[in-house]
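Peer 1: Starting from these lines, generate the structure:
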Amino acid sequence: MLLLATLMALFAERLAPQLAERRSLAWFDAYYVALQGRVSWPGWAILLVLLAPWVVLTALAQLVFHGVLWNLLELAFSVLVLFFALRPGSLDPAVDAYVAAREKGENDTARHQAEHILGGSTPESVEEEVRAVADTLLLEANERWVAPILWFVLLGPVGALLYRLTVHVEARAGQGALAEAARLLRAALDWIPAYVLAALYTLSGSFEEGLNAWRQEKQVSVDTPHDVELSRAEELELANRDVLLRVGRAALRTEEYSITTEISESGEIEADASIVRAARGLVLRAIIIIVAIIALLTLGDWIR
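Peer 2: The predicted structure is shown next:
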C-alpha cells in the first residue's frame, strides 16, 4: 500500500498542478495563532503542543481506517496526507522560464525567475547565478520530495505529517525559542533523507565521481566568523547541505559544465543554462529510483 500511496500522491502533484498549488495548512494556522496568543512556554513545550494533537489524531485515523473496505479508506487517507506533506509550489515552471530567459538573453526575466527559485537575491555574476539555481534544485529535492516520502515509508502518514508541520512551524515562527526548536527538529528529520538522497544522486548520476565525493571530507563552508559557535541545528543543517551539494555536484559532473556567456545584438547577456536542466534531470532520476526501491521492498514483503 505504501508504494501505491506514494505513486498516487506523486502523480496527483504532477497531473493536477492547480490542485497542488492550492494545498493549504490553514486549519493548522488557525490552531497555531490561537495557541501562540495564549501561552508563553519554552520553545520545545510549545512545539510539542503544536504537533502532538495532529500526530495523535493521524495515528488514530490510520488505526480506524485499517482494514475497512479492503483497506481502501486507509489508502485514500495515506494518499491525502502524503499529498499535503509534499511541499506546495512547483519549481518546474520557474525553472523552464529561467532557462529559456537566460538562453535568450532576457536578463530581467531571468533575474526575476532566479529570485523566485532561490527565495531571495541572486548573485551578481551570471555564471554564479546559474550555478546557484542548479545547487538549489539539488538541495530542495530533499524537502520537497525525499524527506516526506522517506518518513512516510518509515512511519506512515504520521511521519509525513510530522515532517510537513515541523517545516511549516519553522517558517511561521520566524525568530525565538519556538523557531529554534522547530529548526533543530526539522534539521534532525532532514539528516537521514539527505544522506539517502546523496546516495540516490550517486546512483542516478556519475557513480564513480559521486562515490569519491561521498568519501571526501566536508567541503561546503558556512559564512560564520570563526569565533562564533554553531548551534546543533546549524551543525546539522550544514552537514545536510554539505553532503547534498558535494555528492550532487560530483554526480552531476559540474566541472564539465562551463557556463559560457555571449552578448546578444541587443546588448543582453546570453548564458548556457544546461547545468540547470541537468540538475533537474538528476533529481527526477533520483525520485524514480526511490520509488523503484519502495517497489522492491514491497515485493520482498519488507514493507507494506
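Peer 1: can you give me the end-to-end distance of stretch 59-71?
Peer 2: Across stretch 59-71, the terminal residues are separated by 15 Å (C-alpha to C-alpha, to the nearest Å).
Peer 1: what about it, average pLDDT?
Peer 2: In this model, stretch 59-71 has an average pLDDT of 87.
Peer 1: just how off-centre is that stretch within its chain?
Peer 2: 29 Å (C-alpha atoms, centre = their mean, to the nearest Å).
Peer 1: buried residues in that stretch?
Peer 2: 61, 62, 65 (16 or more other C-beta atoms under 10 Å). Bear in mind the C-beta positions are built from the backbone N, C-alpha and C, glycine included.
Peer 1: Could I get the residues you listed in a markdown table, plus columns for secondary structure and distance to residue 175?
Peer 2: Below are the buried residues of stretch 59-71 laid out as a markdown table (DSSP: H, G, I helix; E, B strand; the rest coil; distance: C-beta to C-beta, whole Å):
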| residue | secondary structure | distance to residue 175 |
| --- | --- | --- |
| 61 | helix | 34 |
| 62 | helix | 35 |
| 65 | helix | 39 |
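Peer 1: packing partners for the strand or helix carrying residue 30?
Peer 2: Assessed by DSSP states H and E, residue 30 sits inside helix 26-36. Packing partners of helix 26-36 (3 or more C-beta pairs under 8 Å, 6 or more residues apart in numbering; DSSP states H and E): helix 43-65, helix 157-173.
Peer 1: ok, and what's touching that helix?
Peer 2: 46, 49, 50, 53, 54, 165, 168, 169, 172 (C-beta atoms under 8 Å, 6 or more residues apart in numbering).
Peer 1: hmm, back to that, can you lay out the helices and strands packed on helix 26-36 as TSV showing distance to residue 195?
Peer 2: Shown next, in TSV, are these (distance: least, C-beta to C-beta, whole Å):
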stretch	distance to residue 195
helix 43-65	24
helix 157-173	16
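Peer 1: Please consider this matter closed, and thank you.
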